[in-house]
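Enquirer: I'd like to go over a predicted model; first the sequence, then the structure.
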Amino acid sequence: MFEYDKHFRECQYLNKPFIKSRINPHHGNFFVQIDLMTCNYDLSESELDEMNQLISDEIQFVESTSPNTFNDFHIDKEVAWFDGISSEHVHNFCESLYDLTQKYHN
């Protein structure tokens, strides 16, 4: 918990989004959350569209390659979470989320 608090404060200081992931023990895939409350911007409509496409591609991958199904997700302008990201894609998925937020806000 301490590391999350430290990283959260660091994201606030740098005006960057806070992204975290952890394994969901119920299905073995990852729960990923991106929090924009650490920075002074919200997701734009184009970012929301790109994020929806990113998650659509991941859902299709998970359901075609894994015995587990994708659990759920929620996206709004300040916080988004995704429950069911495959272990094969979690690193690239988190990087894509970060890059997406930086593309329009640098």
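Expert: Great, that's in hand.
Enquirer: residue 54 is in what secondary structure piece?
Expert: Taking DSSP states H and E as the definition, residue 54 sits inside helix 45-65.
Enquirer: what comes into contact with that helix?
Expert: Outside helix 45-65, the residues that touch it by C-beta atoms under 8 Å, 6 or more residues apart in numbering are 29, 43, 68-70, 73, 75, 77, 80, 82, 84-86, 89, 93, 96-97, 100-101, 103-104. All C-beta spots, glycine's among them, are computed from the backbone N, C-alpha and C.
Enquirer: contacts for the very next helix or strand once past it, please.
Expert: Following helix 45-65 in sequence order, the next helix or strand is strand 72-75 (DSSP H and E). Strand 72-75 is contacted by residues 43, 48, 51-52, 55, 80-84 when judged by C-beta under 8 Å, 6+ apart.
Enquirer: tell me which residues in strand 72-75 are buried?
Expert: By 16 or more other C-beta atoms under 10 Å, the buried positions in strand 72-75 come out as 73, 75.
Enquirer: quickly run through the sheet partners of that strand, with directions.
Expert: Using DSSP bridges, the strands paired with strand 72-75 are strand 79-85 (antiparallel).
Enquirer: before we move on, back to that, select only the buried ones of the contacts of helix 45-65 in ChimeraX?
Expert: To isolate the buried ones among these in ChimeraX, judged by 16+ other C-beta under 10 Å, type:
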select :29,43,70,73,75,80,82,84,85,86,89,93,96,97,100,101
